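Visitor: Build me a structure from this.
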Amino acid sequence: MNLVLAHGYLGFTNFLHIDYFRGVKQDLEKNFSAKILITKVDPDDSVEKRGAQLRRQILVALGKTPPTNAEENRLAQTLDPNRKTHIIAHSMGGLDSRFILSPANPEHLAAHVASVTTISTPHRGSPIADWFAGHLDEKRWWLLNWWVERQLHKILTTLGISLEGLQNLTTVSAASFNQKYVDHPQMRYFSVAGAGRASGRPTANLLYPAYKYINQKTSEANDGLVALSSAKWGEFDSQPWPADHVEEVGHDLDHLGKAGAFDHLAKYRELAARLQNI
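Guide: Here you go, the predicted structure:
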């Protein structure tokens, strides 16, 4: 099978010699003999623009579109056109994937992709994005808002990512997106969510203020950026991952450059095993 890994808003392929999907490609290649494409789209642009980039990379990797630059030459024929192709997408990457598969998109890829699995994708938006877009009651929440902003700015500044793309992750924008870009009837949609660490503080220190804020706004468990109900789409795994948003791809924000205690590779193997049977 072919597996496409699509990164989220805090996205990169390799940053300071750290892979976004830490060790996932190597582990799945070893255990499933899968052909794997790691995509790279603009980290802070709109879903439509990121989706267009994702679409083209998949087509180049399948040999359906000729490469036009050195980066595309690297991707060319990475995937086997005779095998089924499945997308595994983290965070905003799930919205990018749904966009390129929706029948509302005249250039959709439903003929080339069998399924999409989203991991903590904010299908219904996130209160954190709402805050940055100015949709919250600042008089009531001003102190907590200030703290959340301060902490999240640290994360984004560390990764060198701007705030522009957060507009697509608001609850209002997500509702509009869901109404316009409906699911393809012949596509399989799977989703999983993160609910925070099983013991101790539920998230890394930098995500903890956001975790508390989302919990207060939604009364739900969350991974520090996305609430459980927002991550639910299609066939939903009722057992959330005991991890925060960054641990879901193998990183620990409390110890940058190191893997967390959560065994994310085992979870990706579970996802791949299900996809192998489709």
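
Visitor: just for this structure, where's the confidence low?
Guide: 10-17, 133-165, 257-258 (pLDDT under 70).

Visitor: Please repeat the previous calculation with a cut-off of 80.
Guide: Applying pLDDT under 80 to the chain picks out residues 9-18, 43-44, 131-167, 256-260.

Visitor: Mind jotting down where the strands sit in the stretch 51-200 of the chain?
Guide: 85-90, 115-119, 188-192 (DSSP state E, counting those that start in this stretch).

Visitor: Can you add mean neighbour count and distance to Asn277 and give the ones you listed back as CSV?
Guide: Bear in mind the C-beta positions are built from the backbone N, C-alpha and C, glycine included. CSV is the format used below for these (neighbours: other Cβ atoms under 10 Å; distance: least, Cβ to Cβ, whole Å):
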stretch, mean neighbour count, distance to Asn277
strand 85-90, 25, 11
strand 115-119, 27, 11
strand 188-192, 20, 11
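
Visitor: Just put those in CSV and tack on distance to Arg56.
Guide: CSV is the format used below for those (distance: least, Cβ to Cβ, whole Å):
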stretch, distance to Arg56
strand 85-90, 14
strand 115-119, 17
strand 188-192, 22
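
Visitor: now for these, which one comes closest to Ile36?
Guide: If you check each of the strands of the stretch 51-200 of the chain against Ile36 by Cβ to Cβ, strand 85-90 wins as the nearest, at 9.5 Å.

Visitor: Give me the contacts around the closest one.
Guide: 1-8, 20-21, 58, 62, 79, 96-97, 112-121, 248-249, 268, 271-272, 275, 278 (Cβ atoms under 8 Å, 6 or more residues apart in numbering).

Visitor: For Thr118, give the beta-bridge partners.
Guide: Ala89, Ser191 (DSSP bridges).

Visitor: okay but it is in contact with Glu235, surely?
Guide: No: proximity of Thr118 to Glu235 does not meet the contact threshold set by Cβ atoms under 8 Å, at 10.7 Å.

Visitor: who touches both of the two?
Guide: Tyr189, Phe190, Ser191.

Visitor: is it possible to export those residues to a markdown table including distance to Gln53?
Guide: Output for the shared contacts of Thr118 and Glu235, formatted as a markdown table (distance: Cβ to Cβ, whole Å):
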| residue | distance to Gln53 |
| --- | --- |
| Tyr189 | 21 |
| Phe190 | 23 |
| Ser191 | 22 |
